[in-house]
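[1] give me coordinates for this.
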Amino acid sequence: MNALWIMLALLTAGFAGWPVTAWVFRLARTIDDRADAGGAAGAARTPGGDAAEDPSADSTTDPEIQAPLEAGPDAAQVSPGAAPASPGAPAPDDTVSSVRILRGGAIIGILERFAVCLAILAGQPVAIAYVVAIKGLGRFAELKATPVAAERFIIGTLTSMLWAAGVAALAKVLFLG
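    Just a heads-up that it's a prediction; the model follows:
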């Protein structure tokens with residue numbers, strides 16, 4: 001019976017964590033959009049404020065921020081040459097090629113949640129440090145080069161780990177005693 005509860009906890013941590021993490025990304029995006037809108041309105045009232053004149057100051061026209069949330073929790077796409085989402089925004093620069101960052105993030109997130117949940121269920125929480133180290137070292141170059149990717153990496157990692165730890169702790173308390 002314990003094997004069944006462990007398998008159920010792993011599946012819940014791994015796969016149910018995906019929509020939870022996507023929801024947290026949407027929440028973070030909403031908060032950022034509100035903060036950007038408030039900051040742009042304040043800069044527009046300020047004499048000489050560049051934010052009112054600079055389309056890149058608005059988060060809806062910043063191609064680096066336009067990452068598809070439905071693609072998965074850690075899957076950000078930076079398209080410097082992509083067309084802006086808002087009508088009337090400046091035309092893209094055709095000389096810049098699209099760069100895909102944090103590839104495989106959704107699968108990595110699932111595996112990360114499996115590993116965290118399994119580490120806690122096995123009574124080896126120190127193994128979580130290995131997961132964080134491997135993930136951070138594997139993404140270091142992308143994270144260093146792209147601040148947007150680093151932000152998404154931190155949000156996705158913390159959300160995934162908290163979800164997996166919560167599921168594992170709940171399974172341990174309720175079912176595995």
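[2] from here on, just use CA atoms for contacts and neighbour counts.
    Noted.
[3] just the helices in the protein please.
    Taking DSSP state H as the criterion, the chain contains helices spanning 2-15, 17-45, 105-121, 127-145, 147-174.
[4] from the ones you listed, which stretch is densest packed?
    Of all these, helix 105-121 carries the top mean neighbour count, a mean of 23, counting by mean count of other Cα atoms under 10 Å.
[5] quick one: it to helix 2-15, angle?
    Angle, helix 105-121 to helix 2-15, by axes from the mean of the first three to the mean of the last three Cα atoms, to 10 degrees: 150 degrees.
[6] who's in contact with helix 105-121?
    Contact with helix 105-121 is made by 6, 9-11, 13-15, 17-18, 71-75, 125-128, 131, 156-157, 160-161, 163-165, 167-169, 172, as judged by Cα atoms under 8 Å, 6 or more residues apart in numbering.
[7] CA atoms only: put it into CSV for me.
    Taking C-alpha atoms only, helix 105-121 is exported to CSV below (Å, rounded to 0.1, in the frame of the first residue of the first chain):
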residue,chain,number,x,y,z
GLY,A,105,12.1,23.5,-19.2
ALA,A,106,8.8,21.7,-18.8
ILE,A,107,10.4,18.3,-18.8
ILE,A,108,13.1,19.5,-16.5
GLY,A,109,10.5,20.9,-14.2
ILE,A,110,8.7,17.5,-14.0
LEU,A,111,11.9,15.6,-13.3
GLU,A,112,12.8,18.2,-10.7
ARG,A,113,9.5,17.8,-8.9
PHE,A,114,9.9,14.0,-9.0
ALA,A,115,13.4,14.2,-7.6
VAL,A,116,12.4,16.6,-4.8
CYS,A,117,9.4,14.5,-3.8
LEU,A,118,11.4,11.3,-3.9
ALA,A,119,14.2,12.9,-1.8
ILE,A,120,11.7,13.9,0.9
LEU,A,121,9.9,10.6,0.8
